[in-house]
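S.K.: Make a model of this:
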Amino acid sequence: MKATLIIPDAAVAKKYNLETTTELRCNEEYCATSYGYPVFQLPNGDIFDCPTFREMRDACGATLETDDLVKVCLGLGFPKTEPGVVVIK
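M.R.: Numbers count the residues shown, from 1 in each chain. A predicted model of the protein is given here:
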């Protein structure tokens, strides 16, 4: 599956020690809950979560591109209609 965080403002990306385009790793071995939902990790191994995404989105219009909307929504805990989430083929 693909999950790419796109941060259009380099200063915001730098604040989080990220590149403006960052691939998230879907880690199904380390589940967030007993339901077995996956965890998404940044390249440095830190967990990427819903509040962080919303903070970046609100600060500079960050988006999250994915080819598996359901897995991203379950893992990050937001609805399928979350602003800033873009489904790609």
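
S.K.: could you pull out the strands for this structure?
M.R.: In the chain, strands defined by DSSP state E lie at 3-6, 21-23, 25-27, 39-41, 47-48, 63-66, 85-87, listed in chain order.

S.K.: what would the ones you listed look like in a markdown table with mean pLDDT and distance to residue 76?
M.R.: Glycine gets a C-beta too; all of them are placed from N, C-alpha and C. Converted to a markdown table, the strands of the chain look like this (pLDDT from 0 to 100; distance: least, C-beta to C-beta, whole Å):
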| stretch | mean pLDDT | distance to residue 76 |
| --- | --- | --- |
| strand 3-6 | 98 | 9 |
| strand 21-23 | 98 | 15 |
| strand 25-27 | 88 | 11 |
| strand 39-41 | 90 | 6 |
| strand 47-48 | 92 | 8 |
| strand 63-66 | 98 | 8 |
| strand 85-87 | 98 | 9 |
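
S.K.: any chance of these in JSON lines, plus distance to residue 15 and mean neighbour count?
M.R.: Output for the strands of the chain, formatted as JSON lines (distance: least, C-beta to C-beta, whole Å; neighbours: other C-beta atoms under 10 Å):
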{"stretch": "strand 3-6", "distance to residue 15": "13", "mean neighbour count": "20"}
{"stretch": "strand 21-23", "distance to residue 15": "13", "mean neighbour count": "14"}
{"stretch": "strand 25-27", "distance to residue 15": "21", "mean neighbour count": "15"}
{"stretch": "strand 39-41", "distance to residue 15": "18", "mean neighbour count": "19"}
{"stretch": "strand 47-48", "distance to residue 15": "15", "mean neighbour count": "17"}
{"stretch": "strand 63-66", "distance to residue 15": "17", "mean neighbour count": "20"}
{"stretch": "strand 85-87", "distance to residue 15": "21", "mean neighbour count": "14"}
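
S.K.: So what's the residue count around the nearest residue to residue 2 once chain neighbours are set aside?
M.R.: Nearest residue to residue 2 in three dimensions, chain neighbours excluded: residue 67, at 4.6 Å (C-beta to C-beta, 6 or more residues apart in numbering). Neighbour count for residue 67, taken as other C-beta atoms under 10 Å: 13.
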